[in-house]
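Q: Output the structure for:
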Amino acid sequence: MRQRLLWKLLIGHIVPIFTIFTFLIWRAIDRLAAEYFKQLEDYFHILPVDLHHQFLEAVHHNLFWGVLIALTLTLLFTYLLTSWVLRPLLQITAITKKVADGNYSERVKAISRYEGGQLAGAFNHMADNLEKVERLRKNMVADISHELRTPLTNLRGYLEGLSDSVISPTPETFRMLEQEVLRLVSLVEDLQQLAKADAAEVFLDYQKLSLHELLGQIMDLYRPNFLEKEIDVQWQLDPRGNEVTADRDKLLQAIRNLVDNAWKYTPRRGTVTISTEFTPSGIKTLFTNSGAVIAEKDIPYLFERFFRADRSRSREAGGAGIGLAIVKELIEAHGGAVGADSDAGGTRVWFLLPKTDGKMSKNR
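A: Purely as a prediction, here's the structure:
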């Protein structure tokens, strides 16, 4: 590819230009020489035919070799320059084949800050994202397999024990089997909610809502859970950050997932602060809870599917890692954004709903 494209550029541009340039100069010299010697003939009344031919031969000879040397130098310089320009393209071509085969580790090495370097940078950014998506996909498959394998293994063991009369068919045994079935049902429901969240943007029923009312409604549902762990719930609501235009059911689901997340990961006798803030970009809702600090390297992945900062944590303690992914899909479907950070002062998870003009259409 390199040689074909390079020689096409060289032959297709340089050679025709030099050929036309040489032809025009050649004709111009012949015409000017003829006029000059014609003037000599008229002025001195002589016929310098031999001198005319000698002059043209000398000029043609020097012009030929001058053009040949200039063409050679130009081709050499253009070859080197074009090779430098095409280097990122050649690397991208080679690495694209590796990416197509599933190898996402290769990157284009280009130091130019011009178009070629910019193209290489854009390609590397794309490769980084593809590598991250592929890693998350593999993790997701592994996590789903783990989430399904554990209850299915338990069910199989107990059912085989009941079939072989090794385990007695007591009410406690059936309650245990019921719990395992409920775990499977819960995981399937989580996956179904995630699938619905993916398509949420197409089915949004916009209404003017009181954000504070929705927050209070979900907190009333979770009040027994917070009381059981003796968690202190504090409110910091901005009166200007109350009215929003959104889909009621989907916003309630996002709030519920965040409240559930705060309740699960706040230690006993901890603190949860729920606040709203009116900003130039929209209305920001923030959930802050005390507890263990999340590593900085894990923060960018909190809203990814099936991601859990502590991968050894059981499903009973931490769920399948879908809740925040659902929040991200639902809020972004409204044109909003989500984010999180964590330090010694607590873990903060927030979502931002953009300002609206009240003209949102139904089921856009």
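Q: Please enumerate the strands of the stretch 101-250 of the chain.
A: 206-210, 232-236, 243-247 (DSSP state E, counting those that start in this stretch).
Q: among the ones you listed, which is nearest residue 123?
A: strand 243-247 (37.9 Å; CB to CB). (C-beta placed from N, C-alpha, C; glycine too.)
Q: Could you list the low-confidence segments of the stretch 201-350 of the chain?
A: 201-203, 305-321 (pLDDT under 70).
Q: just to revisit the earlier point, redo the strands of the stretch 101-250 of the chain as TSV? Include distance to residue 94.
A: Formatted as TSV, the entries for the strands of the stretch 101-250 of the chain read as follows, by distance: least, CB to CB, whole Å:
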stretch	distance to residue 94
strand 206-210	49
strand 232-236	55
strand 243-247	47
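Q: for those, which one sits closest to residue 180?
A: Closest approach to residue 180 among the strands of the stretch 101-250 of the chain is made by strand 232-236 (32.8 Å; CB to CB).
Q: How about the closest one, which residues are buried there?
A: Buried positions in strand 232-236, judged by neighbour count with 16 or more other CB atoms under 10 Å: residue 233.
Q: so how far is it off the chain centroid?
A: Averaging C-alpha positions (CA atoms, centre = their mean, to the nearest Å) puts strand 232-236 35 Å from its chain's average.
Q: Hmm, residue 282 is touching residue 354, no?
A: Yes. Counting by CB atoms under 8 Å, residue 354 is a contact partner of residue 282 at 4.2 Å.
Q: Common neighbours of those two, please.
A: Common contacts of residue 282 and residue 354, defined by CB atoms under 8 Å, 6 or more residues apart in numbering, comprise residue 336.
Q: more crowded one of these two?
A: residue 282 (19 against 15; other CB atoms under 10 Å).
Q: tell me the contacts of that one?
A: Neighbouring residues of residue 282 by CB under 8 Å, 6+ apart: 336, 352, 353, 354, 355.
Q: try residue 226
A: 219, 233, 263, 272.
Q: among those residues, who's most crowded?
A: Going by other CB under 10 Å, residue 272 tops those with 24 neighbours.
Q: helices or strands next to the host helix or strand of that one in the packing?
A: For residue 272, the host element (DSSP states H and E) is strand 271-279. If contacts are counted by 3 or more CB pairs under 8 Å, 6 or more residues apart in numbering; DSSP states H and E, strand 271-279 sits against helix 211-228, strand 232-236, strand 282-289, strand 346-354.
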